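**Q** no sequence on this one, just coordinates:
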């Protein structure tokens, strides 16, 4: 695929399916996926090292020999001469690392072990002057509920006024 750098636009790639398509490098994979469906009979194959490399079938073997992403795959695919895998990490104990891990575990938040009481929104609404909705009730139930709410809110407001007047004196 041809890669170009356009001033004030960035890196763009010319689509192998249609040379009129000039796509920003960040969106090339999405474009190639869509364009491949539009051109099912195109003589283009996909590189096994990078799915964003769509190459004409006759050039595929040459591309796979020289693909820049080939090294990334082969590092993980093969083992070293002494029989150990490239993926195995050396198992030397690092006391600083172990100390940091232990310190992190001690400081880690665990929201399941909180000592705070659970929040009950229904209880909060009952104990504070919050207007509640009447849902799934008959007309008579709604009327009774609204009357009880008026009484409840009036009592809460009266309690707040008496509490507020005593607390205001202590702040002044």
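**A** That came in fine, so what should we check first? Note that the coordinates shown come from a computational prediction; the quantities given were computed from them, not determined experimentally.
**Q** in the longest helix along the chain, what counts as buried?
**A** Across the chain, the longest stretch assigned as helix under DSSP state H is helix 139-171. Judged by neighbour count using 16 or more other C-beta atoms under 10 Å, the buried positions of helix 139-171 are residue 152. Every C-beta, even on glycine, is put in place using the N, C-alpha and C of the backbone.
**Q** quick check: mean pLDDT across that helix?
**A** What helix 139-171 shows for mean pLDDT is 82.
**Q** helices or strands up against that helix?
**A** Using 3 or more C-beta pairs under 8 Å, 6 or more residues apart in numbering; DSSP states H and E, no helix or strand is in contact with helix 139-171.
**Q** residue 102 and residue 112, how far apart?
**A** 20 Å (C-beta to C-beta, to the nearest Å).
**Q** neighbour count winner among those two?
**A** residue 102 (10 against 5; other C-beta atoms under 10 Å).
**Q** domains of the chain?
**A** 3-80, 129-166 (the TED database).
**Q** deepest of those domains, which one?
**A** Greatest average neighbour count among the domains of the chain goes to domain 3-80 (a mean of 13), per mean count of other C-beta atoms under 10 Å.
**Q** avg pLDDT for that one?
**A** Domain 3-80 carries an average pLDDT of 89.
**Q** quick check: residue 17 touching residue 44?
**A** Yes: counting by C-beta atoms under 8 Å, residue 17 does reach residue 44; the two are 6.5 Å apart.
**Q** where do the contact lists of the two overlap?
**A** Residues touching both residue 17 and residue 44 by C-beta atoms under 8 Å, 6 or more residues apart in numbering: 36, 54.
**Q** can you give me the strands in this structure?
**A** 3-6, 10-14, 22-24, 44-46, 54-56 (DSSP state E).
**Q** please state the offset of the fourth one from the chain centre?
**A** Centroid separation for strand 44-46 versus its chain: 32 Å, with C-alpha atoms, centre = their mean, to the nearest Å.
**Q** direction included, what does that strand pair against?
**A** Neighbouring strands of strand 44-46 in its sheet, by DSSP bridges, are strand 54-56 (antiparallel).
**Q** same check on the first one?
**A** Each strand that pairs with strand 3-6, with its direction, by DSSP bridges: strand 10-14 (antiparallel).
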